[in-house]
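Engineer: Here is a sequence together with a model predicted from it:
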Amino acid sequence: MNSYDVAVIGSGPGGYVAAIRCAQLGMKTAIIEKYSTLGGTCLNVGCIPSKALLDSSHHYEDAVKHFEDHGIDIPGEIKVNLEKMVARKQSVVDQTTGGIDFLMKKNNIDVYQGVGSFKDATHIVISGEKEEEIEAKNTIIATGSKPSSLPFINIDKERVITSTEALKLKEVPKHLIVIGGGVIGLELGQVYKRLGAEVTVVEYMDRIIPTMDSGLSKELNKVLKKQKFTINTSHKVKSVERVGDEVVVKADNKKGEEVELRGDYCLVSVGRRPFTDGLNPEAAGVKITDRGQIEVNDHLQTSVSNIYAIGDVVKGAMLAHKAEEEGVFVAETIAGQKPHIDYNLIPGVVYTWPEVAAVGQTEEQLKDKGVAYKVGQFPMRALGRSRASMDLDGFVKILADKSTDEILGVHMIGARAADMIAEAVVAMEYRASAEDVSRMSHAHPTFTEAIKEAALAATDDRALHV
Ligand code: FAD
Ligand code: NAD
């Protein structure tokens, strides 16, 4: 039987990064993955394929709607070739997952294909083409998550679909009904909106992206409505039924009136659930919470001291970069180091266009905690860079402590916000004040000038360009 210092179960961004860091720290490491490709949800059916389709559909929309404004005339009709678009997406996925194979070999990590199942706290049975057993001094559970649904919905994977199917449709829907106005619903909704579908979002809460700062929800709602999305907030879905090639969704609106929607596809994007099927954690004595997550302490250690858990299968934001940080954290903990993660500084991004990005506390959270804060906000449309590219929507908002001026939260919506948020993370990691950021030179013309201007506005209301 092969014996390891560390076995990692699951090869998503949490698992494969944990395995690399363990190997870097000199530990004999194995990784177990039930699918034939490594990379987990993120690389196979999550972050990477969704961004590939967002990019392709963005190019198409630019060609159809914006090239003319830039003085580019295209003779003839511009058409979507969905089959080719989906094939390009798949080749991006294949290259990326192939990259993980390379990284495993480079770091001498043994890869096992099959379902990893605990026999006890130090032995794992792997059921793949053949059944194998390995011994591990330490195990890291990184089994991730799966789409969740509502009890009355039958996901038939043809017309009533999750994100996984939405990434490989064979036709552009005529009318896509999206249940859940969160990250997946809006990103994939925008892909198909750009490709020509009518898109109706049905959201239970009173605003889309309800966990983000309400200013971002409001601005994104406004922009999506301009893009001709239909957005129904405060709607409680009651039933989803397939009738032939149609899907009928019934919901109660705020007034309690029944609303009926008919579409040809319905994307169910109401969140994801932790995944532990087949893992048999009980055999090792690992506890599961009421929400189905693996229970962990502040060191990401489970109820069994040599077994750790990270990523979507534990509490916290379901984000690839959060899973990666936790992978490194656990590897370093096992190696006897004292790592640290500041969960307040894990940024969140929605890759719609304009992009939405945030880090730190929202206004709602600061109000709840009774923290006295000041706000500096700057509109993207006031930037020369925004006018040059005709990306005028959005703003940057900086929340700073009223007395110390320390930055407590940064919330932005606009072109390239996903990349710009890194500056806010660095500033907050070093506990910068709004004035610190306002005194740093930002290249002109760039979208990042909005960060400097918002910092000036927060410092003492002295933005320069409004
Ligand atoms: P996963 O990536 O889910 O990996 C878990 C792996 O474990 C899987 O490969 C699974 O097959 C394997 N596994 C499970 N049980 C076993 C077992 N018993 N034995 C062997 N293997 C097992 N996050 C972002 O930060 N940015 C984004 O842009 C983004 N976009 C997304 C888009 C979509 C459409 C979706 C669905 C998700 C997106 N996410 C994004 C979320 C991100 O994918 C997850 O947060 C991330 O993948 C979690 O990583 P993980 O390692 O915890 O688990
Ligand atoms: P989400 O939590 O972002 O959004 C789910 C939405 O569905 C919420 O707005 C919620 O209020 C709504 N909802 C819940 N129940 C409902 C009901 N009965 N009727 C109508 N609406 C309902 O979840 P998601 O969009 O499914 O994404 C799952 C996870 O994947 C998220 O945790 C997210 O962090 C991650 N993800 C991240 C990215 C990114 O980082 N860009 C992209 C995609 C997915």
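Structural biologist: Ah, there it is. Ligands and ions are numbered 1, 2, ... in the order given.

Engineer: List the residues that contact the residue in the stretch 351-466 of the chain positioned nearest to ligand 2.
Structural biologist: Closest residue of the stretch 351-466 of the chain to ligand 2, CB to the nearest ligand atom: Tyr351 (5.2 Å). C-betas here are computed from N, CA, C, even on glycine. By CB atoms under 8 Å, 6 or more residues apart in numbering, Tyr351 lies in contact with Ser50, Lys51, Leu54, Glu187, Ala418.

Engineer: Give me the ChimeraX select line for the residues you listed, limited to the buried ones.
Structural biologist: Buried members of the contacts of Tyr351 can be picked out in ChimeraX with the line below, counting by 16 or more other CB atoms under 10 Å:
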select :50,54,187,418
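
Engineer: Also near ligand 2: which of the contacts of Tyr351, exactly?
Structural biologist: Glu187 (CB under 6 Å from any ligand atom).

Engineer: tell me the secondary structure for Leu261?
Structural biologist: Three-state call for Leu261 (DSSP: H, G, I helix; E, B strand; the rest coil): strand.

Engineer: Find the residue closest to it in space, skipping its chain neighbours.
Structural biologist: Of all residues not flanking Leu261 in the chain, Val249 sits nearest, at 4.5 Å (CB to CB, 6 or more residues apart in numbering).

Engineer: could you give the mean pLDDT of the helix or strand where that neighbour lies?
Structural biologist: Assigned by DSSP states H and E, Val249 falls within strand 246-252. The average pLDDT within strand 246-252 is 98.

Engineer: Could you do stretch 104-115 as well?
Structural biologist: Mean predicted confidence for stretch 104-115 is 98.

Engineer: How about that stretch and ligand 1, any contact?
Structural biologist: Yes - with CB under 6 Å from any ligand atom as the measure, stretch 104-115 is seen reaching ligand 1 through Val115.

Engineer: So which of the contacts of Tyr351 are in strands?
Structural biologist: Counting by DSSP state E, no part of the contacts of Tyr351 is found in strands.

Engineer: In helices only, show me the contacts of Tyr351.
Structural biologist: Among the contacts of Tyr351, the ones falling in helices (DSSP state H) are Ser50, Lys51, Leu54, Glu187, Ala418.

Engineer: and Glu295, how many neighbours?
Structural biologist: Neighbour count of Glu295, defined by other CB atoms under 10 Å: 17.

Engineer: cool, Asp156 as well?
Structural biologist: The tally of other residues near Asp156 (other CB under 10 Å) stands at 12.

Engineer: for the one 5 residues further on, same thing?
Structural biologist: Residues within reach of Ile161, counting by other CB under 10 Å, total 24.

Engineer: I'd say it and Tyr265 touch.
Structural biologist: Yes - Ile161 is within contact range of Tyr265, at 6.3 Å (criterion: CB atoms under 8 Å).

Engineer: Between these two, which contacts overlap?
Structural biologist: Leu169.

Engineer: Do I have it right that Asp436 meets Ala427?
Structural biologist: Yes - assessed by CB under 8 Å, Asp436 is found in contact with Ala427 at 7.0 Å.

Engineer: check contacts around the closest residue to ligand 1 within the stretch 301-450 of the chain.
Structural biologist: Residue nearest to ligand 1 within the stretch 301-450 of the chain (CB to the nearest ligand atom): Gly311, separated by 2.1 Å. Gly311 makes contacts with Gly10, Gly12, Pro13, Gly14, Gly15, Ala142, Gly144, Lys322, Ala323, Glu326, Gly327, as judged by CB under 8 Å, 6+ apart.

Engineer: now do Cys42
Structural biologist: So Cys42 contacts Gly12, Pro13, Ile48, Ala320, Ala323 (CB under 8 Å, 6+ apart).

Engineer: Roughly how far does the residue nearest to the second one when sequence neighbours are not counted sit from ligand 2?
Structural biologist: The reference is to Pro13. Nearest non-adjacent residue to Pro13, counting by CB to CB, 6+ apart: Ala320, 4.2 Å away. Ala320 sits 7 Å away from ligand 2 when distances are taken as CB to the nearest ligand atom, to the nearest Å.

Engineer: How many neighbouring residues does Ala320 have?
Structural biologist: So Ala320, with other CB under 10 Å, has 20 neighbours.

Engineer: how much space is there between it and Ala19?
Structural biologist: Distance of Ala320 to Ala19, computed by CB to CB, to the nearest Å: 15 Å.

Engineer: neighbours of the residue lying closest to Thr276 once chain neighbours are set aside, just the number please.
Structural biologist: Nearest non-adjacent residue to Thr276, counting by CB to CB, 6+ apart: Thr143, 5.9 Å away. By other CB under 10 Å, the residues close to Thr143 number 30.

Engineer: who's in contact with Thr143?
Structural biologist: For Thr143, counting by CB under 8 Å, 6+ apart, the contacting residues are Ile9, Gly10, Pro274, Phe275, Thr276, Leu279, Val313.

Engineer: Among the residues you listed, list the two that are farthest apart in space.
Structural biologist: Ile9 and Pro274 (13.2 Å; CB to CB).

Engineer: These two: who's more crowded?
Structural biologist: Per other CB under 10 Å, whichever of Ile9 and Pro274 has more neighbours is Ile9, with 31 against 22.

Engineer: Could I get the phi/psi values of the nearest residue to that one once chain neighbours are set aside?
Structural biologist: Leaving aside its chain neighbours, Ile9 sits nearest to Gly116 (4.1 Å; criterion: CB to CB, 6+ apart). Main-chain dihedrals, Gly116, degrees, to the nearest 10: phi -90, psi 130.

Engineer: what residues does the protein put near ligand 2?
Structural biologist: 150, 179-185, 187, 202-205, 210, 237, 269-272, 317-319, 349-351.
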